[in-house]
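[1] Have a look at this prediction, sequence included:
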Amino acid sequence: NAGVMQNPRHLVRRRGQEARLRCSPMKGHSHVYWYRQLPEEGLKFMVYLQKENIIDESGMPKERFSAEFPKEGPSILRIQQVVRGDSAAYFCASSPGGSLYTEAFFGQGTRLTVV
Amino acid sequence: AQSVTQLDSQVPVFEEAPVELRCNYSSSVSVYLFWYVQYPNQGLQLLLKYLSGSTLVKGINGFEAEFNKSQTSFHLRKPSVHISDTAEYFCAVTPLNTDKLIFGTGTRLQVFP
(Lines give C-alpha, C1' and ligand atoms only; values in the text may rest on other atoms or scores of the structure.)
Protein backbone atom coordinates (compact mmCIF):
# COMPACT_ATOMS: atom_id res chain seq x y z
CA ASN A 1 0.00 0.00 0.00
CA ALA A 2 1.80 3.06 -1.26
CA GLY A 3 1.81 6.13 0.94
CA VAL A 4 0.53 9.57 0.05
CA MET A 5 2.15 10.55 -3.23
CA GLN A 6 2.84 14.15 -4.11
CA ASN A 7 4.29 15.42 -7.33
CA PRO A 8 6.31 17.11 -8.35
CA ARG A 9 8.70 17.09 -5.39
CA HIS A 10 10.24 20.35 -6.55
CA LEU A 11 8.63 23.00 -8.73
CA VAL A 12 10.13 26.23 -9.99
CA ARG A 13 7.89 28.89 -11.47
CA ARG A 14 8.45 32.44 -12.64
CA ARG A 15 6.32 35.18 -11.18
CA GLY A 16 2.95 35.29 -12.91
CA GLN A 17 2.92 31.64 -13.95
CA GLU A 18 0.58 28.96 -12.66
CA ALA A 19 1.58 26.18 -10.29
CA ARG A 20 -0.26 22.86 -10.11
CA LEU A 21 0.49 20.54 -7.22
CA ARG A 22 -0.84 17.00 -7.20
CA CYS A 23 -1.66 14.68 -4.35
CA SER A 24 -2.69 11.04 -4.64
CA PRO A 25 -4.08 9.84 -1.30
CA MET A 26 -3.43 6.44 0.17
CA LYS A 27 -5.63 3.66 -1.15
CA GLY A 28 -8.97 3.68 0.59
CA HIS A 29 -8.62 7.27 1.82
CA SER A 30 -11.33 9.69 0.76
CA HIS A 31 -10.26 12.73 2.82
CA VAL A 32 -7.47 15.07 1.73
CA TYR A 33 -5.91 18.01 3.53
CA TRP A 34 -3.46 20.59 2.21
CA TYR A 35 -1.00 22.45 4.42
CA ARG A 36 1.59 25.11 3.64
CA GLN A 37 4.93 25.43 5.40
CA LEU A 38 6.66 28.76 5.00
CA PRO A 39 10.39 28.94 5.76
CA GLU A 40 11.12 28.70 9.49
CA GLU A 41 7.43 28.30 10.31
CA GLY A 42 5.08 25.49 11.20
CA LEU A 43 2.49 24.04 8.91
CA LYS A 44 -0.65 26.06 8.30
CA PHE A 45 -3.93 24.41 7.34
CA MET A 46 -5.22 25.46 3.94
CA VAL A 47 -8.11 23.27 2.83
CA TYR A 48 -9.93 20.00 3.59
CA LEU A 49 -11.60 18.09 0.79
CA GLN A 50 -13.58 14.93 0.32
CA LYS A 51 -14.30 13.45 -3.08
CA GLU A 52 -15.90 16.18 -5.20
CA ASN A 53 -16.50 18.41 -2.15
CA ILE A 54 -14.65 21.18 -0.37
CA ILE A 55 -15.41 20.74 3.33
CA ASP A 56 -13.33 23.50 4.89
CA GLU A 57 -11.32 26.11 3.00
CA SER A 58 -10.88 28.53 5.87
CA GLY A 59 -7.10 28.55 5.44
CA MET A 60 -7.04 29.25 1.72
CA PRO A 61 -6.02 32.71 0.52
CA LYS A 62 -9.04 34.40 -1.01
CA GLU A 63 -7.43 34.98 -4.39
CA ARG A 64 -5.33 32.92 -6.81
CA PHE A 65 -5.58 29.67 -4.82
CA SER A 66 -8.00 26.84 -5.54
CA ALA A 67 -8.24 23.14 -4.75
CA GLU A 68 -10.19 20.21 -6.07
CA PHE A 69 -10.50 16.50 -5.41
CA PRO A 70 -12.36 14.95 -8.34
CA LYS A 71 -14.17 11.63 -8.33
CA GLU A 72 -11.30 10.12 -10.27
CA GLY A 73 -7.68 11.15 -10.05
CA PRO A 74 -5.53 13.08 -7.64
CA SER A 75 -6.32 16.17 -5.62
CA ILE A 76 -4.97 19.34 -7.22
CA LEU A 77 -3.85 22.52 -5.50
CA ARG A 78 -3.68 25.29 -8.08
CA ILE A 79 -1.95 28.63 -7.61
CA GLN A 80 -2.50 31.19 -10.33
CA GLN A 81 -0.17 34.12 -11.06
CA VAL A 82 2.37 33.02 -8.47
CA VAL A 83 4.33 35.60 -6.47
CA ARG A 84 7.57 35.27 -4.50
CA GLY A 85 5.60 34.96 -1.25
CA ASP A 86 4.06 31.70 -2.51
CA SER A 87 7.46 30.01 -2.21
CA ALA A 88 6.96 27.33 0.41
CA ALA A 89 6.61 23.60 0.97
CA TYR A 90 3.10 22.35 0.35
CA PHE A 91 2.10 19.15 2.11
CA CYS A 92 -0.85 16.93 1.48
CA ALA A 93 -2.28 14.49 4.01
CA SER A 94 -4.99 11.88 3.61
CA SER A 95 -7.19 9.89 5.95
CA PRO A 96 -9.99 7.36 5.60
CA GLY A 97 -12.36 9.70 7.43
CA GLY A 98 -15.31 8.62 9.50
CA SER A 99 -17.12 9.67 12.63
CA LEU A 100 -14.23 8.84 14.93
CA TYR A 101 -10.66 10.05 14.77
CA THR A 102 -8.60 8.51 11.98
CA GLU A 103 -4.93 9.20 11.49
CA ALA A 104 -3.87 11.45 8.65
CA PHE A 105 -0.78 10.38 6.71
CA PHE A 106 1.45 12.98 5.08
CA GLY A 107 3.15 13.04 1.73
CA GLN A 108 6.72 14.21 1.26
CA GLY A 109 5.63 17.60 0.05
CA THR A 110 6.12 19.79 -2.99
CA ARG A 111 8.65 22.55 -2.63
CA LEU A 112 7.60 25.50 -4.74
CA THR A 113 10.15 28.14 -5.60
CA VAL A 114 9.01 31.30 -7.34
CA VAL A 115 11.76 33.18 -9.16
CA ALA B 1 -9.90 29.32 18.29
CA GLN B 2 -6.96 27.07 19.03
CA SER B 3 -3.25 27.76 19.19
CA VAL B 4 -0.14 25.74 19.89
CA THR B 5 3.03 27.18 21.41
CA GLN B 6 6.44 25.58 21.21
CA LEU B 7 8.63 27.92 23.20
CA ASP B 8 11.96 26.39 22.19
CA SER B 9 12.82 26.93 18.56
CA GLN B 10 16.07 24.99 18.93
CA VAL B 11 17.26 22.41 21.46
CA PRO B 12 20.89 21.29 21.30
CA VAL B 13 21.76 18.16 23.26
CA PHE B 14 24.55 15.62 23.42
CA GLU B 15 24.02 12.04 22.41
CA GLU B 16 22.65 9.76 25.17
CA ALA B 17 21.41 12.74 27.19
CA PRO B 18 17.71 13.09 28.08
CA VAL B 19 15.61 15.66 26.28
CA GLU B 20 12.26 17.39 26.77
CA LEU B 21 10.54 19.39 24.06
CA ARG B 22 7.83 21.64 25.41
CA CYS B 23 4.37 22.18 24.01
CA ASN B 24 1.48 24.21 25.37
CA TYR B 25 -1.87 24.70 23.75
CA SER B 26 -4.90 26.90 24.06
CA SER B 27 -8.41 25.78 23.17
CA SER B 28 -11.97 26.46 24.25
CA VAL B 29 -12.97 22.91 23.26
CA SER B 30 -11.50 19.50 23.90
CA VAL B 31 -8.70 18.48 21.56
CA TYR B 32 -6.66 15.53 20.49
CA LEU B 33 -2.90 16.08 20.75
CA PHE B 34 -0.05 14.95 18.54
CA TRP B 35 3.68 15.06 18.04
CA TYR B 36 5.11 14.79 14.54
CA VAL B 37 8.73 14.51 13.40
CA GLN B 38 10.08 15.92 10.15
CA TYR B 39 13.45 14.83 8.83
CA PRO B 40 15.20 17.11 6.30
CA ASN B 41 13.32 17.36 3.01
CA GLN B 42 10.77 14.81 4.17
CA GLY B 43 7.13 14.82 5.10
CA LEU B 44 5.78 14.52 8.61
CA GLN B 45 5.69 11.27 10.51
CA LEU B 46 3.45 10.71 13.50
CA LEU B 47 5.45 10.07 16.67
CA LEU B 48 2.57 9.68 19.09
CA LYS B 49 -0.92 10.88 19.88
CA TYR B 50 -3.23 11.41 22.82
CA LEU B 51 -6.92 10.74 22.20
CA SER B 52 -8.16 9.68 25.63
CA GLY B 53 -7.31 7.44 28.56
CA SER B 54 -3.88 7.32 30.19
CA THR B 55 -2.20 10.69 30.12
CA LEU B 56 1.21 9.14 29.48
CA VAL B 57 1.49 8.00 25.90
CA LYS B 58 4.34 6.12 24.32
CA GLY B 59 5.31 6.51 20.70
CA ILE B 60 7.84 5.32 18.21
CA ASN B 61 11.62 5.61 18.53
CA GLY B 62 11.50 5.62 22.35
CA PHE B 63 9.60 8.91 22.68
CA GLU B 64 6.81 9.51 25.16
CA ALA B 65 4.62 12.46 26.08
CA GLU B 66 2.41 13.37 28.99
CA PHE B 67 -0.86 15.22 28.69
CA ASN B 68 -1.44 17.67 31.52
CA LYS B 69 -4.92 19.13 31.26
CA SER B 70 -4.57 21.64 34.09
CA GLN B 71 -1.41 23.10 32.54
CA THR B 72 -2.64 22.57 28.97
CA SER B 73 0.69 20.99 28.12
CA PHE B 74 1.85 17.99 26.13
CA HIS B 75 5.63 17.83 26.54
CA LEU B 76 7.66 15.29 24.59
CA ARG B 77 10.47 13.37 26.29
CA LYS B 78 13.13 10.84 25.52
CA PRO B 79 15.47 9.49 28.22
CA SER B 80 18.46 9.01 25.92
CA VAL B 81 18.71 10.59 22.48
CA HIS B 82 20.57 9.34 19.45
CA ILE B 83 22.24 11.18 16.60
CA SER B 84 19.46 9.95 14.34
CA ASP B 85 16.89 11.87 16.41
CA THR B 86 18.17 15.11 14.89
CA ALA B 87 15.08 16.55 13.19
CA GLU B 88 12.28 19.11 13.48
CA TYR B 89 9.52 18.22 15.92
CA PHE B 90 6.02 19.64 15.68
CA CYS B 91 3.30 19.60 18.29
CA ALA B 92 -0.26 19.76 16.97
CA VAL B 93 -3.87 19.65 18.13
CA THR B 94 -7.15 18.72 16.49
CA PRO B 95 -10.35 20.04 18.02
CA LEU B 96 -12.81 17.18 18.47
CA ASN B 97 -15.34 18.85 16.19
CA THR B 98 -12.98 19.30 13.21
CA ASP B 99 -10.51 17.30 11.17
CA LYS B 100 -7.75 19.84 10.68
CA LEU B 101 -4.45 19.90 12.51
CA ILE B 102 -3.19 23.10 14.13
CA PHE B 103 0.56 23.08 14.40
CA GLY B 104 3.11 24.81 16.56
CA THR B 105 6.09 26.48 14.93
CA GLY B 106 8.35 23.52 15.60
CA THR B 107 11.44 22.73 17.66
CA ARG B 108 14.67 21.80 15.95
CA LEU B 109 16.41 19.07 17.95
CA GLN B 110 20.12 18.90 17.25
CA VAL B 111 21.95 15.94 18.75
CA PHE B 112 25.73 16.22 18.97
CA PRO B 113 28.19 13.33 19.38
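    Received, thanks. Numbering: from 1, shown residues only, chains lettered A, B, ... in the order given.

[2] how about B:L101, what does it touch?
    Contacts for B:L101 were tallied using C-beta atoms under 8 Å, 6 or more residues apart in numbering or on different chains; they are A:Y33, A:Y35, A:L43, A:F45, A:A93, A:A104, B:F34, B:A92, B:V93, B:T94. For glycine as for every other residue, the C-beta is placed from the backbone atoms N, C-alpha and C.

[3] Closest one to A:N7 out of the residues you listed, please.
    Checking the contacts of B:L101 against A:N7 by C-beta to C-beta gives A:A93 as the nearest, at 15.4 Å.

[4] SS state for that closest one?
    The three-state label given to A:A93 by DSSP: H, G, I helix; E, B strand; the rest coil is strand.

[5] Per-residue pLDDT of the residue positioned nearest the centre of chain A, please?
    Centroid-nearest residue in chain A, with C-alpha atoms, centre = their mean: A:W34, separated by 3.5 Å. pLDDT for A:W34: 97.

[6] and chain A, which residues reach chain B?
    By C-beta under 8 Å from any C-beta of the partner chain, the residues of chain A that approach chain B are A:4, A:31, A:33, A:35, A:41-45, A:48, A:55-56, A:59, A:91, A:93, A:95, A:97, A:101, A:103-109, A:111.

[7] Which ChimeraX command selects the buried ones in those?
    Of the residues of chain A next to chain B, the buried ones go into a single ChimeraX selection, burial set by 16 or more other C-beta atoms under 10 Å in any protein chain shown:
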select /A:4,31,33,35,42,43,45,48,55,59,91,93,95,97,104,105,106,107,108,109,111
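
[8] Any buried residues in whichever strand or helix holds B:Y25, and which?
    Using DSSP states H and E, B:Y25 sits within strand B:24-26. The neighbour-count check on strand B:24-26 (16+ other C-beta under 10 Å) flags B:N24, B:Y25 as buried.

[9] which residues of chain A score low on pLDDT?
    Where chain A drops to pLDDT under 70, the residues are A:1, A:98-101.

[10] in chain B, which spans are strands?
    For chain B, the strands defined by DSSP state E occupy B:3-5, B:10-14, B:19-21, B:24-26, B:31-38, B:44-50, B:56-58, B:64-68, B:73-78, B:87-95, B:102-103, B:107-112.

[11] Which among these is found nearest to A:L77?
    Smallest distance to A:L77 across these (C-beta to C-beta): 17.0 Å, for strand B:44-50.

[12] Neighbours of the closest residue to B:T94 other than its chain neighbours, how many?
    Nearest non-adjacent residue to B:T94, counting by C-beta to C-beta, 6 or more residues apart in numbering or on different chains: B:Y32, 4.7 Å away. Using other C-beta atoms under 10 Å in any protein chain shown, the number of residues around B:Y32 comes to 16.
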